[in-house]
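A.B. asks: missing the sequence, but the structure's below:
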Ligand SMILES: Nc1ncnc2c1ncn2[C@@H]1O[C@H](COP(=O)(O)OP(=O)(O)O)[C@@H](O)[C@H]1O
Ligand SMILES: [Mg+2]
């Protein structure tokens, strides 16, 4: 969106805490996503992955420091964080079921004021022809895979600096998941988009990522370069079904 | 029993014009329901206050009627947005009870306030559609035109045209403006709306504003049928509008209008014509309210999402 210099600093989270009522769900997480790179957070159901992404966007009761490109964003409201360049594809896709596919994309560009919005819509229709075919259809009538494509394109319509993906593989057929992850990888390689992905599907996620973290009960128990994590016996046992 | 078919069109016309008014008020309810999944019970009283504003501006201050209506709609919109900002936004949107209680409280406060200022007697308010304007060939100055052997009032035609124009404008706002897109997004998925950078509070305020303006329009249109304005004028109208909204499926704008019109038709044709005229049951008129309740009940029992609503409503 803007052309601030990013200086290799992407997202940095320090001592991130979050709670629902009296229950503390995140207990001081530290993680980073370098500019132009992909980080992945692995964890079982209920480990706190979704909450981590929500805490970044200030969508839950959280504390700690979060900065993007060196700029502190931890005290901003969600709508302002989006304006700083964060796009979030929530768990369960988060499309607008009662809006048409086209309107879903247009609303994705809500924070933009430039004249290229319609060109971007056309570009996404070229990338995902199946969305183009259904442009007038309500998003709620799309299949799971189509919804995920729409959710991702919708998020990228804001031309973000950082893309947050919450279990993009959830509920999708293996072939569709592979296609999706190939596209994510290409997006990162071709456009240098910085991404933070949370997943249970460790294999694909670690293939795509540069850096990985493992969280259990709201704490980071392992972290390191993705290829190193992939060969870690603990990770293999817990997430790779070895 | 006499099947007075010759006077049936009279009842149909009346039903359609009353129904259009219910539809207007139902729209006001549904606009807020769509965005917040809560019923604003103060809708009718807000509209009543709007009608009194027209009374003050037009009857007391002598301002041109349509200008008075426009000003009252704008002030009502501001009042709606103010209520959203000060009384509903501080509360957790997921917790409906406080806000519903607040709207009920507003209902009582507005009613008492109006009673205090204007007392409870009916005050005459000019009919915006009393007589055909002089430029209408052959009809200028008349109150009605004969159609199918019955009197079709200029008032009915005026109400339909006003509703049609208002719907057209609402359609433009919702479908052709960025604010409208944001409003539809918030209505569809609040959390995702936030995630694309929509300020949901402001957007809901915008919804409240439009809804309140619509309510005022409905109250101004219904006033001539009630002989004028009074603090209790909207009580039963709100119930029929609610029935219409429920029938149409609480979260469908088109459904609200059609549902409202259906309620008007049911009242006029089923209850008044069939019940009172054909079967000669005078007490049927008292049963109008009950009929609306029974209808809401039947709809909620057999098709919780209404005729045009989405499945979502079933959860509410
Ligand atoms: N809205 C909520 N209210 C209360 N507890 C919640 C809520 N959402 C999540 N939790 C709890 O927080 C923990 C972490 O949840 P979540 O972040 O959704 O995990 P994950 O995404 O890794 O499956 C879980 O124990 C879950 O039960
Ligand atoms: Mg999750």
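C.D. replies: Right, received. Where do you want to start? Quick caveat, the model's predicted, so the values are computed rather than measured. Ligands and ions are numbered 1, 2, ... in the order given.

A.B. asks: can stretch A:163-172 be found next to chain B?
C.D. replies: No - judged by Cβ under 8 Å from any Cβ of the partner chain, stretch A:163-172 stays clear of chain B, getting no closer than 9.3 Å. (C-beta placed from N, C-alpha, C; glycine too.)

A.B. asks: mind listing what's buried in that stretch?
C.D. replies: For stretch A:163-172, burial by neighbour count (16 or more other Cβ atoms under 10 Å in any protein chain shown) applies to A:163, A:164, A:165, A:166, A:167, A:168, A:169, A:172.

A.B. asks: Same check on stretch A:172-187?
C.D. replies: For stretch A:172-187, by 16+ other Cβ under 10 Å, it's A:172, A:176, A:177, A:180, A:181, A:184, A:185, A:187.

A.B. asks: tell me the mean pLDDT for that stretch?
C.D. replies: The predicted model assigns stretch A:172-187 a mean pLDDT of 92.

A.B. asks: Show which residues not belonging to that stretch make contact with it.
C.D. replies: With contact meaning Cβ atoms under 8 Å, 6 or more residues apart in numbering or on different chains, stretch A:172-187 is reached by A:38, A:127, A:144-145, A:148-149, A:152, A:156, A:163, A:165, A:168-169, A:193, A:195, A:197, A:201, A:204-205, A:207-208.

A.B. asks: and those, which are buried?
C.D. replies: The neighbour-count test (16+ other Cβ under 10 Å) marks A:38, A:127, A:145, A:148-149, A:152, A:156, A:163, A:165, A:168-169, A:193, A:195, A:197, A:201, A:204-205, A:208 as buried among the contacts of stretch A:172-187.

A.B. asks: Next step: those residues restricted to helices.
C.D. replies: Counting by DSSP state H, the buried ones among the contacts of stretch A:172-187 place A:127, A:145, A:148, A:149, A:152, A:156, A:204, A:205, A:208 in helices.

A.B. asks: Quick one: low-confidence residue ranges for the chain.
C.D. replies: Defaulting to chain A. Chain A contains residues with pLDDT under 70 at A:1-7, A:240-242.

A.B. asks: if you could check chain B rather than the one you did, that'd help
C.D. replies: B:282-289, B:292, B:304, B:310-316.

A.B. asks: Would you map the helices across it?
C.D. replies: Going by DSSP H, chain B shows helices at B:8-36, B:43-54, B:65-83, B:96-118, B:154-176, B:178-188, B:190-195, B:200-222, B:235-248, B:253-265, B:287-302.

A.B. asks: which residues touch the closest residue to residue B:147 other than its chain neighbours?
C.D. replies: Excluding the flanking residues, the one nearest residue B:147 by Cβ to Cβ, 6 or more residues apart in numbering or on different chains is residue B:9, at 6.8 Å. Contact partners of residue B:9, counting by Cβ under 8 Å, 6+ apart, are B:147, B:148, B:149, B:150, B:152.

A.B. asks: Please indicate which of those are buried?
C.D. replies: Counted by 16+ other Cβ under 10 Å, the contacts of residue B:9 give B:150, B:152 as buried.

A.B. asks: From the contacts of residue B:9, pick the one nearest residue B:109.
C.D. replies: Of all the contacts of residue B:9, residue B:109 sits closest to residue B:152, with 39.8 Å by Cβ to Cβ.

A.B. asks: Residue B:139 is in contact with the closest one, correct?
C.D. replies: No - contact status for residue B:152 versus residue B:139: not in contact, 10.5 Å apart, counting by Cβ atoms under 8 Å.

A.B. asks: between those two, what contacts are shared?
C.D. replies: Overlap between the neighbourhoods of residue B:152 and residue B:139 consists of residue B:145, taking contacts as Cβ under 8 Å, 6+ apart.

A.B. asks: what about residue B:115, how many residues close to it?
C.D. replies: Neighbour count for residue B:115, taken as other Cβ atoms under 10 Å in any protein chain shown: 13.

A.B. asks: Ok, the one 3 residues further on next?
C.D. replies: Burial of residue B:118, expressed as a neighbour count using other Cβ under 10 Å, amounts to 16.

A.B. asks: what's the nearest residue to it if we skip its chain neighbours?
C.D. replies: Going by Cβ to Cβ, 6+ apart, residue B:118 has residue B:52 as its nearest residue, at 6.2 Å.

A.B. asks: how much space between that neighbour and residue B:244?
C.D. replies: When distance is defined by Cβ to Cβ, to the nearest Å, residue B:52 is 24 Å away from residue B:244.

A.B. asks: Between those two, tell me which one has more neighbours.
C.D. replies: Neighbour totals were compared for residue B:52 and residue B:244, and residue B:244 leads with 34 against 26 (other Cβ under 10 Å).

A.B. asks: what's near enough to touch the more buried one?
C.D. replies: Counting by Cβ under 8 Å, 6+ apart, residue B:244 has contacts B:19, B:22, B:23, B:26, B:256, B:259, B:260, B:261, B:262, B:263, B:264.

A.B. asks: 7 Å instead?
C.D. replies: B:22, B:23, B:26, B:256, B:259, B:260, B:262, B:263 (Cβ atoms under 7 Å, 6 or more residues apart in numbering or on different chains).

A.B. asks: Just the buried subset of those, please.
C.D. replies: For the contacts of residue B:244, buried by 16+ other Cβ under 10 Å: B:22, B:23, B:26, B:256, B:259, B:260, B:262, B:263.

A.B. asks: Let's have the residues you listed in TSV, adding distance to residue B:230.
C.D. replies: Below are the buried ones among the contacts of residue B:244 laid out as TSV (distance: Cβ to Cβ, whole Å):
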residue	distance to residue B:230
B:22	19
B:23	22
B:26	22
B:256	25
B:259	26
B:260	22
B:262	27
B:263	22
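
A.B. asks: Going by distance to chain A, which of the residues you listed wins?
C.D. replies: Nearest to chain A out of the buried ones among the contacts of residue B:244 is residue B:256 (Cβ to the nearest Cβ; 14.9 Å).

A.B. asks: Chain A - how does it break down into domains?
C.D. replies: For chain A, automatic domain parsing gives the domain ranges A:3-85+A:160-239, A:97-159.

A.B. asks: between those, which gets nearest to residue B:73?
C.D. replies: Between residue B:73 and these, the tightest spacing by Cβ to Cβ is seen for domain A:97-159, at 26.9 Å.

A.B. asks: any idea how far chain A is from the residue nearest to residue B:147?
C.D. replies: Here residue B:9 is placed at a distance of 38 Å from chain A (Cβ to the nearest Cβ, to the nearest Å).

A.B. asks: now the strands for chain A?
C.D. replies: Under the criterion DSSP state E, chain A contains strands at A:11-20, A:23-33, A:38-42, A:62-68, A:71-72, A:86-89, A:162-166, A:194-199, A:211-216, A:219-225.

A.B. asks: Any chance of the contacts of residue B:244 in CSV with distance to chain A as columns?
C.D. replies: Below are the contacts of residue B:244 laid out as CSV (distance: Cβ to the nearest Cβ, whole Å):
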residue, distance to chain A
B:22, 24
B:23, 21
B:26, 18
B:256, 15
B:259, 18
B:260, 21
B:262, 23
B:263, 24
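
A.B. asks: Please tabulate those in TSV, including the columns distance to ligand 1.
C.D. replies: Formatted as TSV, the contacts of residue B:244 follow (distance: Cβ to the nearest ligand atom, whole Å):
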residue	distance to ligand 1
B:22	39
B:23	38
B:26	34
B:256	32
B:259	35
B:260	37
B:262	40
B:263	39
